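S.K.: Build me a structure from this.
(chains A and B)
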Amino acid sequence: MSTNIDTSRSPLEATAFSKRIAAFIVIIYAAIAIIPMLLIVTTAFKSTTDAITYPPKILFKPSLEGVVNLSTQRTRQSKEYLKSLPPPRTWYEKIVRKRQMVIAGPSRFFQRFVNSLVIGFGSTFFSVFLGTLAAYAFSRFKIPLKDDLLFFILSTRMFPPIAAAVPIFLMYRKLGLNDTHLGMIVLYTVVNLSLSVWLLKGFIDEIPKEYEEAALVDGYSRLSAFFKIILPQAATGIAATAIFCLIFSWNEYAFAILLTFREAQTLPPFIPTIIGEGGLDWPAIATATSIFMLPVIVFTIILRKHLLRGITFGAVRK
Amino acid sequence: MLSKINRKLLNMSDRSIAWLFTLPTIILLIFINIYPLIWSVYLSFTNFKANRRGMEIKWVGTKWYEKILMSEDVWANMQVTAHFLFWTIFIQAILGLSLAIFLNRKFKGHELMTTVVVLPMMLSPAVVGVFWSYIYQPQAGIFNYIINFFIDFGEFTMIGDFVLAPWSIVIVDTWIWTPFVMLMCLAGLKSIPDYLYEAAEVDRASKWQQFIHITLPSVMPFLMLAVLFRGIENFKMFDMVNELTGGGPGSVTELASIHLKRAAFEKWRTGYSSAFAVILFVTVFGAGSIYVKFLNKLKEK
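M.R.: Next comes the predicted model:
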């Protein structure tokens, strides 16, 4: 009797062998794809000389030069002058002295970081706030020309940012909004509105209308039903939308490089300008990039279930 | 008093709520999107230069439009853009679809792998673009090191080379956006109901036949949508390329958006660049609408 037919597996499930091949190929792709990111993190701990040696060093003596260079401004001094100074008091002074330099002051990185936070969170708040209201109205009420309006909201995203930047630059110059936090918050709020309206409309559409209708029968007004029933039900969707808006503002580059210079400059246009001696200071740039991408990676892991939905403006719901 | 206002607010009619909720969004969009757009269209018919204040604005008619459509430089930019669009979409579609099919075999740890593969897509393309110029460095870059490890070309440069530079941006874009196509295809694969395969098994259809007649047609709409998204996004591509090559060497990587930035913010030819912006917008919008119509027809089938 032959009883060794495998019945534990449905014919639809892949065989163990084909699974192994699939895993192998995907892992190879993932390994290649992750090299640049690993390189960013490791370069952050290299010394400036180790960062530009050939062949690239896989094993190296970890150094904190990157973070020191990122957070300070330094000047080169003559040997005689350095000898006349008292010995370095702190570990970071020691690192700087070794390269025959002294610390001249803090760098602008911290200020740019705060700019990114203020503009990111500010614009996220407003676009999610306005987006939730509009999405609810579009989801539940009869609005004249509703489909056209929704398409209009989406079409604002088709305009290349550089093309939009020309008239916005001129308008902001007249209003004195160039290189201000307020100007950037307003701009990012508007750019994110299309995303937040479309995404949130999808999330609110999924909440059964019966919930609200039951509340209305119970004597709730429309508004209190919105606050007490819809908002709590849509909380996950609102949080996911907020994270998408935040990631967009955090990563945005085209408007930032054209409309901000000093006061309101965010990290993406700032990071490429970190220059050391004889070119870009790679360990410092890598440190900045690592700090910059860490929150995005954390958010991506939190959002992994909603990623596709966010990127397709709610067109694809998994 | 306050509670009176509160009650009044709470008892608003549906219609006033609809207005109250949508108006702020629409007003903001009109101010920051429509008004500048109309202004752009107006400026595209004038000789305005944004760096000269108080200059008299003169109407020049369709001069800039004629100039752009006749200019060989612009057509060269369009070719660069077309090369970039075609190859990124082509490579990403194939890579993304295959990765999705493999991930869909649900091997152990496939969820973790999905998250790892997806990461590059979420990072800032500009910041990542800066770092890729380090990866591509001819002396210390890891890209050249790995290539030379397999085939020894000696010292070569990706970004500085007239032939290789257009491919350097294709590679980075592929690295960033393949996961997006993959996620879309994965959603398509998951949407296929099991009974289709069960029926095929009963009919003794081979795995290959199942792939051609069930898997591919079901994934197609998702893949096409992914291509639409990538097409629009890459037509607007600015950030990564601006940091990585800046349009150079010469103008072999000068995509439409880079050309626009150079004209608008380096040469300050505001009228010319406004006209170019209008042409770009019409192109994206037109191509997008045609593609969507095509996609809808495909869905009906």
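
S.K.: can you give me the helices in the stretch 201-301 of chain B?
M.R.: Using DSSP state H, counting those that start in this stretch, the helices found in the stretch 201-301 of chain B span residues B:207-210, B:216-235, B:239-244, B:256-261, B:270-300.

S.K.: Mean pLDDT and distance to residue A:290 for those - can I get that in a markdown table?
M.R.: Where C-beta positions appear, they are placed from N, C-alpha and C, glycine not excepted. Listed next are these as a markdown table, based on pLDDT from 0 to 100; distance: least, C-beta to C-beta, whole Å:
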| stretch | mean pLDDT | distance to residue A:290 |
| --- | --- | --- |
| helix B:207-210 | 87 | 44 |
| helix B:216-235 | 90 | 26 |
| helix B:239-244 | 93 | 17 |
| helix B:256-261 | 92 | 28 |
| helix B:270-300 | 84 | 35 |
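
S.K.: ok, the closest residue in space to residue B:229 that isn't next to it in sequence - contacts?
M.R.: Once flanking residues are discounted, residue B:229 sits nearest to residue A:312: 6.6 Å by C-beta to C-beta, 6 or more residues apart in numbering or on different chains. Residues in contact with residue A:312 (C-beta atoms under 8 Å, 6 or more residues apart in numbering or on different chains) are B:184, B:225, B:229.

S.K.: And residue A:312, its phi and psi?
M.R.: Dihedral pair for residue A:312: phi -100, psi 20, per degrees, to the nearest 10.

S.K.: How far off centre is stretch A:201-209?
M.R.: Put simply, stretch A:201-209 sits 27 Å off its chain's centre (C-alpha atoms, centre = their mean, to the nearest Å).

S.K.: and it, average pLDDT?
M.R.: Averaged across stretch A:201-209, pLDDT comes to 91.

S.K.: That one near chain B at all?
M.R.: No. Stretch A:201-209 does not reach chain B (C-beta under 8 Å from any C-beta of the partner chain); its nearest approach is 11.3 Å.

S.K.: ok so, going back, tell me the pLDDT of the residue nearest to residue B:229.
M.R.: pLDDT recorded at residue A:312 is 82.

S.K.: same question, residue A:186
M.R.: If you check residue A:186, the pLDDT there is 95.

S.K.: Without its sequence neighbours, what residue ends up closest to it?
M.R.: Excluding the flanking residues, the one nearest residue A:186 by C-beta to C-beta, 6+ apart is residue B:32, at 6.8 Å.

S.K.: burial of that neighbour, as a residue count?
M.R.: Neighbourhood size, residue B:32 [other C-beta atoms under 10 Å in any protein chain shown]: 22.

S.K.: For it, give me its contacts.
M.R.: A:168, A:186, A:187, A:190.

S.K.: For it, give me phi and psi.
M.R.: Per-residue torsions, residue B:32: phi -100, psi -20 (degrees, to the nearest 10).

S.K.: any idea which residue sits dead centre in the chain?
M.R.: By default, I'm working from chain A. Of all residues in chain A, the one closest to the mean position by C-alpha atoms, centre = their mean is residue A:247, 3.0 Å from it.

S.K.: Sorry, I should have been clearer: chain B.
M.R.: Closest to where the C-alpha atoms of chain B average out (C-alpha atoms, centre = their mean) is residue B:233, at 1.5 Å.

S.K.: what about the nearest residue to that one once chain neighbours are set aside, distance to chain A?
M.R.: Computed as C-beta to C-beta, 6+ apart, the closest residue to residue B:233 that is not its neighbour in sequence is residue B:177, at 7.8 Å. Counting by C-beta to the nearest C-beta, to the nearest Å, the gap from residue B:177 to chain A is 10 Å.

S.K.: Helix, strand, or coil at residue B:177?
M.R.: Going by DSSP: H, G, I helix; E, B strand; the rest coil, the secondary structure assigned to residue B:177 is helix.

S.K.: Now do it, the pLDDT please.
M.R.: pLDDT recorded at residue B:177 is 95.

S.K.: Could you give the number of residues near it?
M.R.: Count around residue B:177 with other C-beta under 10 Å applied: 25.

S.K.: For the chain, give me the ranges with low pLDDT.
M.R.: Just going to use chain A. Of all residues in chain A, those with pLDDT under 70 make up the ranges A:1-12, A:277-278, A:318.

S.K.: To clarify, I was referring to chain B.
M.R.: Filtered on pLDDT under 70, chain B yields the residue ranges B:1-2, B:4-5, B:10, B:299-301.

S.K.: picking that back up, can you verify my assumption that the residue nearest to the centre of chain A contacts residue A:296?
M.R.: Yes. Counting by C-beta atoms under 8 Å, residue A:247 does reach residue A:296; the two are 5.8 Å apart.

S.K.: Need the residues touching each of the two.
M.R.: Common neighbours of residue A:247 and residue A:296 (criterion: C-beta under 8 Å, 6+ apart): residue B:122.

S.K.: Could you tell me how far residue A:265 is located from chain B?
M.R.: For residue A:265, the distance to chain B (C-beta to the nearest C-beta) stands at 13 Å.

S.K.: tell me the SS of that residue?
M.R.: Secondary structure assignment for residue A:265 (three-state DSSP): coil.

S.K.: how about it, what does it touch?
M.R.: Applying C-beta under 8 Å, 6+ apart, the residues near residue A:265 are A:112, A:115, A:179, A:256.

S.K.: how many neighbours does the third one have?
M.R.: Right, the one you point to is residue A:179. Using other C-beta under 10 Å, residue A:179 has 16 neighbouring residues.
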